[in-house]
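**Q** This is the structure alone, sequence omitted:
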DNA sequence: GTCAGGTGTCGAAGCGCTTCGAAATCATTT
DNA sequence: AAATGATTTCGAAGCGCTTCGACACCTGAC
């Protein structure tokens, strides 16, 4: 059972190979009758164009690379939602997705780009000073970053506007009359790594709180129950008047609630809690939250990349934070 | 800046194109001196073979497809570990990974296979009667499944031996003198879907318990705290003498511990808990557990696929469960 | 009846690589 | 010195597709 080639289709339909190609690509007008005949032959023979040949001739692989930070400490649900959305959206544009891990580093990127294996790149979880950014700058292939490096000039980046996310959490609590609030952030290492989003959230939170003359503090937060519990305890010991809590740490949010319960502080009666986390987690725990729009992020990233592939200019995008009020704040 | 081709390398090194090819592939002997000259040119020019051209000429894309069930309800950490391990191992064999979601279904598989975009397929989370299995059977491209469908004859499958995993948990508890034990399993829907592994664990658990004349029951288990708590409560109401618990549900395991605490049952003093879950979760909670060897699964799956690509026969593999004793059983 | 301008289709030239058979070179043997 | 056999390298033929220029045909205007 030899595999069916375009020549087989052409023979079967009684036309030239090029005609088949034009029918399939739509790049030249073909009469309705010929067109139908070709399409029928394609169906009858079960023809699928050979990807390699197509890539070679057209200089377009119809594949994009998705570079994920498959290291520990990532927020898995967000990552998954994002990946799913990228794959689905890419398919809509008739592209496939090559999965790469960040730990192949710049060399991996150079490799897939130089080998024309992919037409463009999507990098998730870009850090403030990411070693891959200079490379991306002088790569012929277009790329879109999730997250903002220190200097985003000339790059296309997509991200949630974490600064405004932090601010809107503070604002929400302020509007409800809370005067003393705190942010439980990412684990220490995330700040050290300079992942940007954690810092920006903190900055937005503190700026908004200061602007509204609230008493605000921000502390990092680890992810095991014991560490969370002791962080929460410390926080309330130091600030007994605390009534508003913003949690920007998906893994810890459940533990925070547990710790509050253990401390005998009721939510939302004694303390209001706002989370910045994926929707499903917040939904399940009935938490007021700013959701991380992983799906939208993926969709927009692919959309931008496709635009760039078509030679269109594409600026960066900051997605508006959306705060959903549930039962954990009052 | 035109991209560097093999012809450029050949010219630069003063040899024929085919010589360069042979140096790079090692398929024919080339003298050490020529070889070095070519390699130098490759380095100097920064040559990367064009993947499309290579695939076209050699009929090998050097890419494998990874089909993941990117739907909700999957165990994300396991999935991630698995994916990471697949990518890393594939790279060791000089292959890349095309990411696909299960929801493209059989058509997606047929598409990437027929277009010669991939040389082989890796399907995760295969269900007992999976609609993709018949397709895989008469596909020219080899495939490896994670999980066992109803009829695995002629297929290459890899999985943890869940039957023995369930059994070894029961055995462990029995050996410690527990006479009344229970299995908290996957959510109801997982059994309904017939995902196999959940059922096999239950079967192994019950068989072993029965063989040892224990009192054993198995119940499904949802994943929110409230549902877990009520399930646990019901269980102990119905079986007051229960002293051993096996939890085969990563998402619920934390909640189970919380629920036991809330019920005033100490672990391991009052009740011993064995989990079947990824190592990191068990490690963190200091649980005696049978780990889900996601990384090993990925590695073995790729290894088998590569063997099949080389035309070698490859049978199925059941990975031995390994029970690690920690602090939650006595 | 001829000619300009569309349409619709074809043929052929690559795209960059692998691979096969053959040629060239060299070392041995007779 | 010629013949033999290894060893090393070369040239050319594809792989299956896209795309460009050209050709054939048809329409309507003159």
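**A** Good, I have the coordinates. Please read these numbers as outputs of a predicted model, since none were measured by experiment.
**Q** mind listing the strands in chain A by residue range?
**A** Ranges of strands within chain A are A:63-68, A:96-101, A:120-123, A:143-146, A:157-160, A:180-184, A:215-219, A:244-247, A:272-277, A:288-291, A:317-319, A:323-324, based on DSSP state E.
**Q** partners of the last one in the sheet?
**A** Going back to what we said before, that points to strand A:323-324. Strand pairing for strand A:323-324, determined by DSSP bridges: strand A:288-291 (antiparallel).
**Q** ok, and what's touching the partner strand?
**A** Defining contact as C-beta atoms under 8 Å, 6 or more residues apart in numbering or on different chains, one finds that strand A:288-291 is touched by A:165, A:168-169, A:172, A:272-279, A:282, A:321-329. Placement of C-beta: from N, CA and C, glycine included.
**Q** circling back to that earlier point, go through the strands of chain A and pick out the most buried.
**A** strand A:244-247 (a mean of 28; mean count of other C-beta atoms under 10 Å in any protein chain shown).
**Q** Number of residues surrounding residue A:33?
**A** By other C-beta atoms under 10 Å in any protein chain shown, 8 other residues sit near residue A:33.
**Q** Quick check, pLDDT for it.
**A** We have a pLDDT of 92 for residue A:33.
**Q** repeat for residue A:69
**A** 87.
**Q** thinking again about what came up before, distance to DNA strand D added to the strands of chain A, as a markdown table?
**A** Below are the strands of chain A laid out as a markdown table (distance: least, C-beta to the nearest atom of the strand, whole Å):
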| stretch | distance to DNA strand D |
| --- | --- |
| strand A:63-68 | 14 |
| strand A:96-101 | 15 |
| strand A:120-123 | 17 |
| strand A:143-146 | 22 |
| strand A:157-160 | 29 |
| strand A:180-184 | 52 |
| strand A:215-219 | 53 |
| strand A:244-247 | 51 |
| strand A:272-277 | 44 |
| strand A:288-291 | 41 |
| strand A:317-319 | 29 |
| strand A:323-324 | 46 |
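**Q** Please list all residues in contact with residue A:62.
**A** Residue A:62 sits in contact with A:51, A:54-55, A:94-96, A:119, where contact means C-beta under 8 Å, 6+ apart.
**Q** Kindly recompute the last result at 6 Å.
**A** Neighbour list for residue A:62: residue A:95 [criterion: C-beta atoms under 6 Å, 6 or more residues apart in numbering or on different chains].
**Q** Need the phi and psi values for it.
**A** The phi/psi pair for residue A:62 (degrees, to the nearest 10) reads phi 60, psi 40.
**Q** and stretch A:80-96, which residues are buried?
**A** Neighbour counts over stretch A:80-96 (16 or more other C-beta atoms under 10 Å in any protein chain shown) mark A:80-91, A:95-96 as buried.
**Q** Could you list which of those belong to helices?
**A** Counted as lying in helices by DSSP state H, out of the buried residues of stretch A:80-96, are A:80-91.
**Q** what about residue A:41, distance to residue A:48?
**A** From residue A:41 across to residue A:48, the span is 13 Å (C-beta to C-beta, to the nearest Å).
**Q** So which of those two has more stuff around it?
**A** residue A:41 (21 against 18).
**Q** how close does the more buried one get to residue B:186?
**A** Taking C-beta to C-beta, one finds residue A:41 at 48 Å from residue B:186.
**Q** what's the answer for residue A:68, then?
**A** Relative to residue B:186, and taking C-beta to C-beta, residue A:68 is found at 26 Å.
**Q** Then residue A:17?
**A** 53 Å.
**Q** And for residue A:126?
**A** Residue A:126 is 36 Å from residue B:186, by C-beta to C-beta.
**Q** before we move on, what about residue A:312?
**A** 47 Å.
**Q** which one of those two has more residues nearby?
**A** residue B:186 (25 against 10).
**Q** Let me see the contact set for residue A:32.
**A** So residue A:32 contacts nothing (C-beta under 6 Å, 6+ apart).
**Q** no, scratch that, I was asking about residue A:135
**A** Contacts of residue A:135 (C-beta under 6 Å, 6+ apart): residue A:106.
**Q** And the pLDDT for it?
**A** At residue A:135, pLDDT is 92.
**Q** just the one 5 residues further on next, same as before
**A** Looking at residue A:140, its pLDDT is 91.
**Q** for residue A:46, same thing?
**A** pLDDT, read off for residue A:46, is 94.
**Q** swap in residue A:267?
**A** Residue A:267 carries a pLDDT value of 83.
**Q** returning to what we had before: can you list the strands of chain A in TSV and add distance to residue A:300?
**A** Output for the strands of chain A, formatted as TSV (distance: least, C-beta to C-beta, whole Å):
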stretch	distance to residue A:300
strand A:63-68	14
strand A:96-101	16
strand A:120-123	11
strand A:143-146	9
strand A:157-160	5
strand A:180-184	27
strand A:215-219	28
strand A:244-247	25
strand A:272-277	19
strand A:288-291	15
strand A:317-319	6
strand A:323-324	20
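**Q** quick one: which of those is nearest residue B:103?
**A** strand A:96-101 (13.7 Å; C-beta to C-beta).
**Q** That closest one near chain B at all?
**A** Yes. Contact of strand A:96-101 with chain B (C-beta under 6 Å from any C-beta of the partner chain) involves A:96-99, A:101.
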